[in-house]
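[1] output the structure for:
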Amino acid sequence: MKKKVIASVVAGVCCMTLAACGGAAGTTPETKEAETTESAVESAASEEVTTAAESTSASEAVEGSDVDYIKGKGTLVVGITDFEPMDYKDASGNWIGFDADLANKVGEDLGVKVEFVEIDWDNKILELNNKSIDCVWNGMTLTDEVKTSMECTNAYCNNAQVVVVPADKAEQYKDKESVKDLTFAVEAGSAGEEAAKAEGFKTTPVTAQSDTLLEVKSGTSDAAIIDLLMAGAMIGEGTSYADLTHTVELNSEQYGIGCRKGSDLAKFINDELKKFNDDGSLKQTAEKYGVQAALIEQK
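    So this is what the prediction gives:
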């Protein structure tokens, strides 16, 4: 009896030993399955973190680069007003002009479609910051406000703000002193409005420069202040405003293209303008719209 009890105890100890050895040297099917599942979960989690990090990095790259952002959405949205000879519509309703043609050339090099959007000129900075548009390319004068609020390109055209009056009254208005008591139609938020305020002139703000000419033609305003380049294209013999002419030049200024503050698009456009300057297409386009005398060489 005593021998049987001892034998049973020895057998039990051996079983326990074998079980312990088995746990150290291998795994049961259940344990192996649990470890495999845990490993898969850890691997998936690791991949998810990596993917999220890559996605964040890509997002930050797009947010940090307007050029990448524009390429990603496939369109370059250009903020403009109806401003011949820079941006205006042809008989088919397509936007043409010196600025419009150059913007289309830049769009081609970016590999994107160019979309022209008419904006309220007084809200151009807001439109840029809201990403409603990607740039302002519309014979925009490089004023202090513009240069402070936008990332601007190099100047590419010379310009001036000029007084427009009925041709039959031109002899009366040869200098600033002679026009000081007139009421001037000006585009709200424009360099023309700024020039009028600088001179202390009385003004009537309108939506677009082209509207200022209607004001003078109809007699609602005595005179208008518009860009010299626009005056050369839109008033005088052979135009819809043959009875208007320009007299006094109030200042001298330069045109540039405006992008969002800090945008790399401005540098891209600068490089493009330099390329167009060197290959002759900048001058060729300017001659097409009669603004070659105003061109500034791109270096």
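
[2] so what would you say the end-to-end distance of stretch 222-241 is?
    The first and final residues of stretch 222-241 sit 15 Å from each other (Cα to Cα, to the nearest Å).

[3] now it: buried residues?
    Of the residues in stretch 222-241, 222-236, 241 count as buried by neighbour count, 16 or more other Cβ atoms under 10 Å. The way it works is simple: take the backbone N, C-alpha and C, and place the C-beta from them, glycine included.

[4] would you map the strands across the stretch 101-250 of the chain?
    For the stretch 101-250 of the chain, the strands defined by DSSP state E, counting those that start in this stretch cover 113-118, 135-141, 151-152, 157-159, 161-166, 183-187, 202-206, 223-227, 244-249.

[5] only C-alpha atoms, please: export the last one in PDB.
    What follows is strand 244-249, C-alpha atoms only, in PDB (Å, rounded to 0.1, in the frame of the first residue of the first chain):
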ATOM      1  CA  LEU A 244     -13.600 110.900 -74.200                       C
ATOM      2  CA  THR A 245      -9.900 111.700 -73.800                       C
ATOM      3  CA  HIS A 246      -7.300 111.700 -71.100                       C
ATOM      4  CA  THR A 247      -5.400 114.700 -70.000                       C
ATOM      5  CA  VAL A 248      -3.600 115.000 -66.600                       C
ATOM      6  CA  GLU A 249      -1.300 112.200 -65.300                       C
END
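
[6] and the next element down the chain from that strand?
    Downstream of strand 244-249, the first helix or strand assigned by DSSP states H and E is strand 253-259.

[7] on that earlier part again, would you turn the strands of the stretch 101-250 of the chain into a markdown table with distance to residue 217?
    A markdown table is the format used below for the strands of the stretch 101-250 of the chain (distance: least, Cβ to Cβ, whole Å):
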| stretch | distance to residue 217 |
| --- | --- |
| strand 113-118 | 22 |
| strand 135-141 | 21 |
| strand 151-152 | 34 |
| strand 157-159 | 23 |
| strand 161-166 | 8 |
| strand 183-187 | 10 |
| strand 202-206 | 13 |
| strand 223-227 | 9 |
| strand 244-249 | 7 |
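
[8] right, so of the ones you listed, which gets closest to residue 64?
    Proximity to residue 64 (Cβ to Cβ) singles out strand 151-152 among these, at 13.3 Å.

[9] parallel or antiparallel, list what pairs with that closest one.
    strand 253-259 (antiparallel) (DSSP bridges).

[10] kindly report the domain assignment for the protein.
    Following automatic domain parsing, the chain resolves into domains at 66-157+255-294, 161-251.

[11] where are the low-confidence patches of the stretch 51-200 of the chain?
    By pLDDT under 70, the weakly predicted segments of the stretch 51-200 of the chain are 51-63.

[12] which stretches of the stretch 151-299 of the chain form helices?
    176-179, 191-199, 209-218, 228-234, 265-279, 281-288 (DSSP state H, counting those that start in this stretch).

[13] highest mean neighbour count out of the ones you listed?
    When the helices of the stretch 151-299 of the chain are scored by mean count of other Cβ atoms under 10 Å, the highest mean neighbour count falls to helix 228-234 (a mean of 22).

[14] what is it packed up against?
    Counting contacts by 3 or more Cβ pairs under 8 Å, 6 or more residues apart in numbering; DSSP states H and E, helix 228-234 is packed against strand 157-159, strand 161-166, helix 209-218, strand 244-249.

[15] give the buried residues for stretch 123-135.
    By neighbour count on 16+ other Cβ under 10 Å, the buried set for stretch 123-135 is 124-125, 127-128, 133-135.

[16] for stretch 106-125, that is, sorry about that
    Neighbour counts over stretch 106-125 (16+ other Cβ under 10 Å) mark 106-107, 110, 112, 114, 116, 119, 121, 124-125 as buried.

[17] distance to residue 140 added to those, as JSON lines?
    JSON lines is the format used below for the buried residues of stretch 106-125 (distance: Cβ to Cβ, whole Å):
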{"residue": "106", "distance to residue 140": "15"}
{"residue": "107", "distance to residue 140": "18"}
{"residue": "110", "distance to residue 140": "20"}
{"residue": "112", "distance to residue 140": "21"}
{"residue": "114", "distance to residue 140": "17"}
{"residue": "116", "distance to residue 140": "14"}
{"residue": "119", "distance to residue 140": "11"}
{"residue": "121", "distance to residue 140": "9"}
{"residue": "124", "distance to residue 140": "8"}
{"residue": "125", "distance to residue 140": "11"}
